[in-house]
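Visitor: Pasted the sequence and its predicted model underneath.
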Number of protein chains: 2
Amino acid sequence: MGFWKSLFSSSESSAPSQLTHSDEYFAEANAEAPNSSTGSRIFFSTSREIDLYELEELCDAVGWSRRPIRKVRKAIQHSFIVVSMWEQQSNRRRLIGFSRATSDHAFNATIWDVVVHPDYQGKGLGKALMQQLIKKLRSEDISNVTLFADPQVVDFYRNLGFMPDPEGIKGMFWYPD
Amino acid sequence: MGFWKSLFSSSESSAPSQLTHSDEYFAEANAEAPNSSTGSRIFFSTSREIDLYELEELCDAVGWSRRPIRKVRKAIQHSFIVVSMWEQQSNRRRLIGFSRATSDHAFNATIWDVVVHPDYQGKGLGKALMQQLIKKLRSEDISNVTLFADPQVVDFYRNLGFMPDPEGIKGMFWYPD
């Protein structure tokens, strides 16, 4: 749980394992837990021990095509970093966001499968999730953080500091002939 | 040496550990070893045991910025697949090409560091190298093969079946603010 430790160390927050909407980070991100008035909290985790059926539900909610659980498990295992986002309300926690990155552990990382539950969109939580992932990649000394953005989210990533086609570099995909 | 085995198995070639320019694959790729009249042969390897100083020389030859050997070693270790290209002449072999891919081992791969020595460019060898890498990725059941192409090599990759910005998907790079 190294990530927890660095993210919620006593120097950063008085809460040892939770990040409330009043923490500095959330003030920056302008993100708010939808039910913050009822005492819910948003937190992040880099644990790979995610209920894959809960993740499938999250991906269903945004309309993604279903993928074999077996392959999703393998992809998570072999990702460099996984950051999930949760809403906690008393003893119940709910998976509300997910992201992961592949990497050579040295120079490059590529971000995949960024998803935020529709009920939690438009509140800065996607931005907060991405900032956690980037922070983690930077702490691992990765200097080249890349992704492939669908047209409707290009501006979202641009606002986070991502540049489309810098110096004319083109993202390309291979399809069988 | 699983790749050797699959690439040069007896059903595919009578040569157990070399691929000559007369092999079917090279006929397809229309590639030719520059010194084929003097008995040189081109072969591929997925071994990660590459002399990193020889790799640095190769990258110098195409004008790439030097990178710390320590980080290059780490990147190779943590790549999903590495394919190098060699010219063999009697007992001497020379590294003439290199490529690697990161992956989640399930869905996506991203190709990095594709290089062919200038003396060996324009002969179909870059294409042959890429075809080996793609073949290997496909044999691992990776369906989404991606890369970021500099403007001057977009057409090279297009000819190999890579599509720039398919369905408006944009390659994006993150830079610190």
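Guide: That came through fine. Numbering: from 1, shown residues only, chains lettered A, B, ... in the order given.
Visitor: Which residue, other than its chain neighbours, is closest to the closest residue to chain B within chain A?
Guide: Using CB to the nearest CB, the closest approach of chain A to chain B is made by A:Gly171 at 2.1 Å. Where C-beta positions appear, they are placed from N, C-alpha and C, glycine not excepted. Using CB to CB, 6 or more residues apart in numbering or on different chains and skipping the chain neighbours, the partner closest in space to A:Gly171 is B:Gly171 (2.1 Å).
Visitor: right, and that neighbour touches A:Ile169 too?
Guide: Yes - taking contact to mean CB atoms under 8 Å, the distance of 6.6 Å between B:Gly171 and A:Ile169 places them in contact.
Visitor: Low-confidence ranges, chain A, go.
Guide: Under the criterion pLDDT under 70, the flagged ranges of chain A are A:1-38, A:176-177.
Visitor: longest helix in it, by residue count?
Guide: Taking DSSP state H as the criterion, chain A has its longest helix at helix A:125-139.
Visitor: ok, back up a step: could you pull up the residues touching the residue of chain A closest to chain B?
Guide: Contacts of A:Gly171 were listed using CB atoms under 8 Å, 6 or more residues apart in numbering or on different chains, and they are A:Phe148, A:Asp165, B:Thr146, B:Leu147, B:Phe148, B:Pro164, B:Asp165, B:Ile169, B:Lys170, B:Gly171, B:Met172.
Visitor: what does A:Ile76 give?
Guide: With CB under 8 Å, 6+ apart, A:Ile76 has these contacts: A:Arg48, A:Ile50, A:Leu52, A:Val82, A:Arg100, B:Asp104.
Visitor: out of the residues you listed, which are buried?
Guide: Of the members of these, the ones counted as buried by neighbours, 16 or more other CB atoms under 10 Å in any protein chain shown, are A:Ile50, A:Val82, A:Arg100, B:Asp104.
Visitor: just how off-centre is the host helix or strand of the third one within its chain?
Guide: In this structure, A:Arg100 is located in strand A:92-103 according to DSSP states H and E. Averaging C-alpha coordinates over strand A:92-103 and over its chain gives two centres that are 5 Å apart (CA atoms, centre = their mean, to the nearest Å).
Visitor: what angle sits between that strand and strand B:92-103?
Guide: The directions of strand A:92-103 and strand B:92-103 differ by 160 degrees, with axes from the mean of the first three to the mean of the last three CA atoms, to 10 degrees as the criterion.
Visitor: Within the sheet, what are the partner strands of strand A:92-103, with directions?
Guide: Looking at strand A:92-103 with DSSP bridges, its partner strands are strand A:81-89 (antiparallel), strand A:108-116 (antiparallel).
Visitor: okay, the angle between it and helix A:125-139?
Guide: Following the same axes, to 10 degrees, one obtains 50 degrees for the angle between strand A:92-103 and helix A:125-139.
Visitor: Perfect, that will be all.
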